[in-house]
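In: Got a predicted structure here, sequence first:
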Amino acid sequence: MPFTRSFFQYSLQKPMLLEMVFALCLAQIDRRSAPGCTPSSAVIYHRGNALKMLRQALVKPNAEVEDAILFTVVALLAFDMIYMDWTSFEAHLNGLRQLIKIKGGADNLGWHGWLSSTYTWAELCWQDRKIEIAKQHFQEAPEALTYPAHPYFPTLCATISALPEGFRDLALSSRLSLQVIHHLDKVTQWMKRLAQSQAEERDSNCAYLEELQLAHKTRILLETCSLTQEENLACVGAIGFIITHDDRVQTDRHPKGLTNFIPDPESLSSEIQLRDVTLWMALVLAAANHNGPPPLQSQSALLDHVVAQYWYDNDWPHIQARVSSFFCTEGLERRWKIYWERALERRAQEIDRQKFEFSA
């Protein structure tokens, strides 16, 4: 039976959920006629009834968390989004998190994945809200970054030594702030845990939420800190890696606004020490949207610029040795090889075109 039909029949049997359905429908009707309106008395009445029954269901001794409770909390979150009530949204999201823990995790919620997907939607909305708050604070007072000086403390040396070689070299040259170093360390530890665990043994929703949190923290750095060019390259590449590491995913997993971080090719430094991280970042972004729509022109343009400026005459094994010193997986390296070869083809065609125009 289709989800909408089964949900409708289910809601008719659950007064608590039915009250929230009424509240949501009335709220949507009101907002269509008056987009900036506050909840009407009828909307407040039905939402109040739902909240009252929800509290009664939650305080029952030894009561199980039935699906009607989860659906009602999700409906409350949707209601909060309609009126942009973020205080209420945070409270309801915290409650949903606790309920999901009781149920044994997001993968155990049933309804053909609809509840777990909706939970992920709620987390995404909340992450976006936190980023908006962080951006507002950044405009008032950008977060100050701390850059270490030699000799480094032993604990910092231990952190840096655990990073992939490419990032380690940047950190040892005092080109990365402590904030960026510690974030790259978190991504490194996450990458190692993924490599050590079997994909089929992971809680897919928990793994996705961890991925989401890392991407969110990377966006915070990009949007609220005055990063140096090398830090910007590292963070843009890191966010691309975080959301494209899993070959099994068949949907677009870009966090909102990723394309805003793609640097202008003409603004890239030609400094030799930055060529490897620039190349890695360009490959990550070129292949980042492999399961979704065709890559944006700016993604291909970035890699084309790198090929034209630095790496045109090098074959893939040489390039692979360079990019593997940053965040990578075998699956990503296979994709990167494809995009590298396509970029070489475009470069060869461009050279032929220039030769033809010159000889004409």
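Out: Alright, I've got the coordinates. Numbers count the residues shown, from 1 in each chain.

In: helix or strand for residue 234, which one?
Out: Element membership for residue 234 (DSSP states H and E) is helix 229-244.

In: now for the next helix or strand after that helix, which elements pack on it?
Out: Beyond helix 229-244 on the C-terminal side, the first helix or strand identified by DSSP H and E is helix 275-286. With contacts defined as 3 or more CB pairs under 8 Å, 6 or more residues apart in numbering; DSSP states H and E, the secondary structure elements packing on helix 275-286 are helix 165-172, helix 229-244, helix 297-306, helix 316-323, helix 330-359. The way it works is simple: take the backbone N, C-alpha and C, and place the C-beta from them, glycine included.

In: what's the angle between the helix holding residue 234 and helix 297-306?
Out: Relative orientation of helix 229-244 and helix 297-306, computed by axes from the mean of the first three to the mean of the last three CA atoms, to 10 degrees: 130 degrees.

In: Offset the numbering so it begins at 77, please.
Out: Understood, numbering begins at 77; the last thing we discussed is helix 305-320.

In: Over to residue 140. Which of the three states is it?
Out: Residue 140 carries the three-state label coil when classified by DSSP: H, G, I helix; E, B strand; the rest coil.

In: any weak-confidence spans in the stretch 227-376 of the chain?
Out: 274-284, 322-336, 345-346, 365-375 (pLDDT under 70).

In: The residue nearest to residue 287 when sequence neighbours are not counted: neighbour count?
Out: Across the structure, with CB to CB, 6 or more residues apart in numbering as the measure, the residue nearest residue 287 apart from its sequence neighbours is residue 318 (5.8 Å). Residues within reach of residue 318, counting by other CB atoms under 10 Å, total 25.

In: so what's residue 318 up against?
Out: Under the criterion of CB atoms under 8 Å, 6 or more residues apart in numbering, the contact list for residue 318 reads 263, 287, 290, 291, 294.

In: Show me what the helix or strand harbouring the last one is packed up against.
Out: So that's residue 294. Following DSSP H and E, one finds residue 294 within helix 280-300. For helix 280-300, the packing partners by 3+ CB pairs under 8 Å, 6+ apart come out as helix 190-216, helix 254-272, helix 305-320.

In: Deepest-packed of those helices, please.
Out: Using mean count of other CB atoms under 10 Å, the stretch among the helices and strands packed on helix 280-300 with the greatest mean number of neighbours is helix 305-320 (a mean of 24).

In: centre of the chain versus it, how much separation?
Out: Between the mean C-alpha point of helix 305-320 and the mean C-alpha point of its chain there is a distance of 12 Å (CA atoms, centre = their mean, to the nearest Å).

In: Dump the C-alpha coordinates for that helix into CSV.
Out: The C-alpha coordinates for helix 305-320 follow below in CSV (Å, rounded to 0.1, in the frame of the first residue of the first chain):
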residue,chain,number,x,y,z
GLN,A,305,44.2,30.1,0.9
GLU,A,306,45.8,26.8,2.0
GLU,A,307,43.2,26.5,4.8
ASN,A,308,40.4,27.2,2.3
LEU,A,309,41.7,24.6,-0.1
ALA,A,310,42.0,22.0,2.6
CYS,A,311,38.5,22.7,4.0
VAL,A,312,36.8,22.9,0.6
GLY,A,313,38.4,19.6,-0.4
ALA,A,314,37.5,18.1,3.0
ILE,A,315,33.8,18.9,2.7
GLY,A,316,33.8,17.4,-0.8
PHE,A,317,35.5,14.2,0.4
ILE,A,318,33.2,13.8,3.4
ILE,A,319,30.1,13.8,1.2
THR,A,320,31.4,11.7,-1.7
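
In: Apart from its chain neighbours, what residue comes closest to residue 321?
Out: Using CB to CB, 6+ apart and skipping residues adjacent in sequence, the residue nearest residue 321 is residue 405, 5.6 Å away.

In: Per-residue pLDDT of that neighbour, please?
Out: In this model, residue 405 is scored at 88, pLDDT.

In: Look up how far residue 268 lies from the closest residue to residue 265 other than its chain neighbours.
Out: For residue 265, ignoring the flanking residues on the chain, the nearest one in space by CB to CB, 6+ apart is residue 238 at 7.7 Å. Applying CB to CB, to the nearest Å, the value for residue 238 to residue 268 is 9 Å.

In: do residue 125 as well
Out: Looking at residue 125 against residue 268, where the rule is CB to CB, the gap reads 50 Å.

In: and if you look at residue 152?
Out: Spatial separation of residue 152 from residue 268 under the definition CB to CB is 38 Å.

In: right, so the helices and strands packed on helix 351-362: which one is the most enclosed?
Out: Across the helices and strands packed on helix 351-362, averaging neighbours per residue (mean count of other CB under 10 Å) puts helix 305-320 on top, at a mean of 24.

In: tilt between that helix and helix 392-399?
Out: Computed by the same axes, to 10 degrees, the angle between helix 305-320 and helix 392-399 is 110 degrees.

In: Identify all contacting residues around stretch 421-433.
Out: Taking contacts as CB under 8 Å, 6+ apart, the residues outside stretch 421-433 that touch it are 376, 380, 383, 384, 388.

In: a markdown table for these, including distance to residue 96?
Out: Formatted as a markdown table, these follow (distance: CB to CB, whole Å):
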| residue | distance to residue 96 |
| --- | --- |
| 376 | 46 |
| 380 | 52 |
| 383 | 55 |
| 384 | 57 |
| 388 | 60 |
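
In: and of the residues you listed, the nearest to residue 89?
Out: residue 376 (53.0 Å; CB to CB).
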